[in-house]
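Colleague: Only the shape, not the letters, is given here:
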């Protein structure tokens, strides 16, 4: 009786051995596929030890082996060498050639290194088959993103899009949005991409591409046309009264206002109550220089004479409320202190007598002691005010 797999002479039955080798190879492939093991992982665990032991002596820098197969001590680099060789010029094109060479065929200068059907051969064959079918090696460029809405800014555009349904079998690393005309572009990791350097007033459309490890995919459809515009400007500044400073007597109430849409009027409020409209249109070369692109900025001043002594002594707030041509408003306000004599307006030129008073000067302040004003004696302090270009009484005792 023959034992299973044996001949009468006790030798192994070659048909049986071949079938067992095929079964073992199929099991390896099935096991690696079921566990999701990649070609690189199988190479690291099963094949690189074979390469280091049997192949590297010839197939290394300076060796006599094929220059297309140069190995080092780096596992990932050696896997890359096989990947490039086996899958060139097409996927799996040289798979059989590699297996033939390691068993001594195809004019292999190193002769037979692995016996066909051996355990090492099965590992090598499973790796080559898995490498030929490896999804990462077979990846392609991603599909086209779906273009979305585009919002505009000052010389810029924010381009929204949806990622392509097909990433090409490899992770998308970045997206690129490009303008037409001008080819201004910007990259981003996800939607949206912000493209800058655009010309205000110029009409643009945008497309988006996706890029993975294989390369850049096709462009999306072009977006709807958009036109970047300069940022709208609306400013108002109340310069007098000077905030946090004391004020008295008759002075100026002044400032400036500009808007891309034009200024319609400037209203003045005293302690939250409407007082009057300020005359608008005074020459302001400094404001025109600061806002050269705003029409009318050189005639943006407002000013009127104002008697601060009409207010009671103590804290007050004055607001300038500017309206642009669209009806939008912008406010600037100053909180200040009023100092005053008993009378809100001293009309007589004889009401002031300084003949018995003394004077002292310290820095930009002038102190007057024993000033006679409308029959009452006061100590006064005057201080230089740059905004008013003169001295103003800041203290009355």
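Modeller: Good, I have the coordinates. Since the structure is predicted, the reported quantities are computational estimates derived from the model, not experimental observations.

Colleague: Start and end of stretch 182-200, how far apart?
Modeller: In stretch 182-200, first residue to last residue: 13 Å (Cα to Cα, to the nearest Å).

Colleague: what does that stretch contact?
Modeller: 148, 154-163, 173-179, 202, 204, 206, 208, 227-230 (Cβ atoms under 8 Å, 6 or more residues apart in numbering). C-beta here means a position set from N, CA and C on the backbone, and glycine is covered the same way.

Colleague: Those, buried ones only, as a ChimeraX selection?
Modeller: Of the contacts of stretch 182-200, the buried ones can be selected in ChimeraX as follows, counting by 16 or more other Cβ atoms under 10 Å:
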select :155,156,157,158,159,160,161,163,175,176,177,178,179,204,206,208,228
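
Colleague: Can you flag which of the contacts of stretch 182-200 belong to strands?
Modeller: 148, 156-162, 174-179, 206, 208 (DSSP state E).

Colleague: Kindly indicate which of those lies nearest residue 107.
Modeller: For the ones in strands among the contacts of stretch 182-200, the minimum distance to residue 107 (Cβ to Cβ) is 45.4 Å, reached by residue 174.

Colleague: The closest one reaches residue 213, doesn't it?
Modeller: No: assessed by Cβ atoms under 8 Å, residue 174 is found out of contact with residue 213, at 11.3 Å.

Colleague: Could you pull out the helices in the stretch 101-250 of the chain for me?
Modeller: With helices called from DSSP state H, counting those that start in this stretch, the stretch 101-250 of the chain shows them at 119-133.

Colleague: where does it dip in pLDDT?
Modeller: 106, 134-138 (pLDDT under 70).

Colleague: okay, now residue 171: neighbour count?
Modeller: By other Cβ atoms under 10 Å, 10 other residues sit near residue 171.

Colleague: got it, and residue 311?
Modeller: If we define neighbours as other Cβ under 10 Å, then residue 311 has 19 of them.

Colleague: right, and it touches residue 338 too?
Modeller: Yes: contact criterion Cβ under 8 Å: residue 311 and residue 338 qualify, at 4.8 Å.

Colleague: what about the helix or strand hosting residue 99, distance to the chain center?
Modeller: Per DSSP states H and E: residue 99 is located in helix 95-102. Centroid displacement of helix 95-102 relative to its chain, using Cα atoms, centre = their mean, to the nearest Å, is 51 Å.

Colleague: can you offset everything so residue one is 23?
Modeller: Yes, from this point I'll number from 23; that puts the last item at helix 117-124.

Colleague: Can you tell me the centre-most residue of the protein?
Modeller: Central residue of the chain (Cα atoms, centre = their mean): residue 216, 7.4 Å from the mean position.

Colleague: so it bridges to which residues?
Modeller: residue 180 (DSSP bridges).

Colleague: sorry, back to before: which of the ones in strands among the contacts of stretch 204-222 lies closest to residue 370?
Modeller: residue 178 (65.2 Å).

Colleague: Report whether the expected contact of the closest one with residue 251 is present.
Modeller: No: between residue 178 and residue 251 there is no contact under Cβ under 8 Å: 10.4 Å.

Colleague: quick check: domain ranges of the protein?
Modeller: The record's domain parsing of the chain by automatic domain parsing lists 36-155, 168-233, 254-362, 368-419.

Colleague: Of the ones you listed, which is nearest residue 240?
Modeller: So among the domains of the chain, domain 168-233 is nearest, using Cβ to Cβ, at 6.9 Å.

Colleague: Ends of that closest one, what's the gap?
Modeller: 14 Å.

Colleague: Run the chain-centre distance for it.
Modeller: 13 Å.

Colleague: related to what we said a few turns ago, show me which pair in the ones in strands among the contacts of stretch 204-222 is furthest apart.
Modeller: 178 and 184 (21.2 Å).

Colleague: Am I right that residue 63 is in a helix?
Modeller: Yes: counting by DSSP: H, G, I helix; E, B strand; the rest coil, residue 63 falls inside a helix.

Colleague: who's in contact with residue 352?
Modeller: Per Cβ under 8 Å, 6+ apart, neighbours of residue 352: 256-258, 279, 281, 343-344, 346.

Colleague: taking these one by one, which sit in strands?
Modeller: Per DSSP E, these map to strands at 256-258, 279, 281, 343-344, 346.

Colleague: what about burial for those residues, which qualify?
Modeller: Using 16+ other Cβ under 10 Å, the buried ones in the ones in strands among the contacts of residue 352 are 256-258, 279, 281, 343-344, 346.

Colleague: Much appreciated, bye for now.
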